[in-house]
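# what would the 3D arrangement of this be:
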Amino acid sequence: MQQDKQPDYRPVVFRDLSAGYAFLTRSTATSERTIEWDDGETYPVVDVEISSESHPFYTGKARTVDSEGRVARFERRYGGGAQTSGGDANA
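Residues are numbered from 1 along each chain as shown. Modelled structure (predicted):
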């Protein structure tokens with residue numbers, strides 16, 4: 001088996017910039033920046049823009065799609081129901 005093919009799997013801190021939340025996990029992600037964690041150890045830190053603490057789906061702040069309102073707006077704009085052109089459809 002060849003050595004040095006697998007990336008180094010080690011503890012890394014991921015920090016959510018929008019929520020001010022950080023968590024320690026194991027990862028192959030690399031970073032030049034470090035942070036001192038609660039246990040007194042220094043770990044590499046990877047800044048992310050969104051995590052489970054700030055994502056609308058996980059926080060319950062997700063927008064609900066108003067599909068009925070969209071259909072009504074479409075019918076108002078382009079006319080509701082089927083329209084026939086040029087006479088009686090039963091003829």
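
# for stretch 33-49, what is the distance to the chain centroid?
Averaging C-alpha positions (CA atoms, centre = their mean, to the nearest Å) puts stretch 33-49 23 Å from its chain's average.

# so for it, first residue to last residue, what's the gap.
Start to finish, the residues bounding stretch 33-49 are 16 Å apart (CA to CA, to the nearest Å).

# then stretch 26-46?
12 Å.

# give me the mean pLDDT for that stretch.
Mean pLDDT, computed over stretch 26-46, is 94.

# over to stretch 49-62?
Average pLDDT, stretch 49-62: 69.

# can you check stretch 11-20 too?
89.

# gap between the nearest residue to residue 7 once chain neighbours are set aside and residue 8?
The shortest distance from residue 7 to any non-neighbouring residue, by CB to CB, 6 or more residues apart in numbering, is to residue 28 (4.0 Å). Every C-beta, even on glycine, is put in place using the N, C-alpha and C of the backbone. Separation of residue 28 from residue 8 (CB to CB, to the nearest Å): 7 Å.

# coming back round to it: identify the residues contacting the residue nearest to residue 7.
Residue 28 makes contact with 7, 8, 9, 10, according to CB atoms under 8 Å, 6 or more residues apart in numbering.

# could I get the CA-only coordinates of the top helix by length along the chain as PDB?
In the chain, taking DSSP state H as the definition, the longest helix is helix 67-78. Extracted in PDB, the C-alpha atoms of helix 67-78 (Å, rounded to 0.1, in the frame of the first residue of the first chain):
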ATOM      1  CA  SER A  67     -48.000  28.200  -4.700                       C
ATOM      2  CA  GLU A  68     -51.700  29.000  -4.500                       C
ATOM      3  CA  GLY A  69     -50.900  32.700  -4.700                       C
ATOM      4  CA  ARG A  70     -48.600  32.200  -7.600                       C
ATOM      5  CA  VAL A  71     -51.300  30.300  -9.600                       C
ATOM      6  CA  ALA A  72     -53.800  33.100  -8.800                       C
ATOM      7  CA  ARG A  73     -51.400  35.800 -10.000                       C
ATOM      8  CA  PHE A  74     -50.700  33.800 -13.200                       C
ATOM      9  CA  GLU A  75     -54.400  33.500 -13.900                       C
ATOM     10  CA  ARG A  76     -54.900  37.200 -13.300                       C
ATOM     11  CA  ARG A  77     -52.000  38.100 -15.500                       C
ATOM     12  CA  TYR A  78     -52.700  35.700 -18.400                       C
END
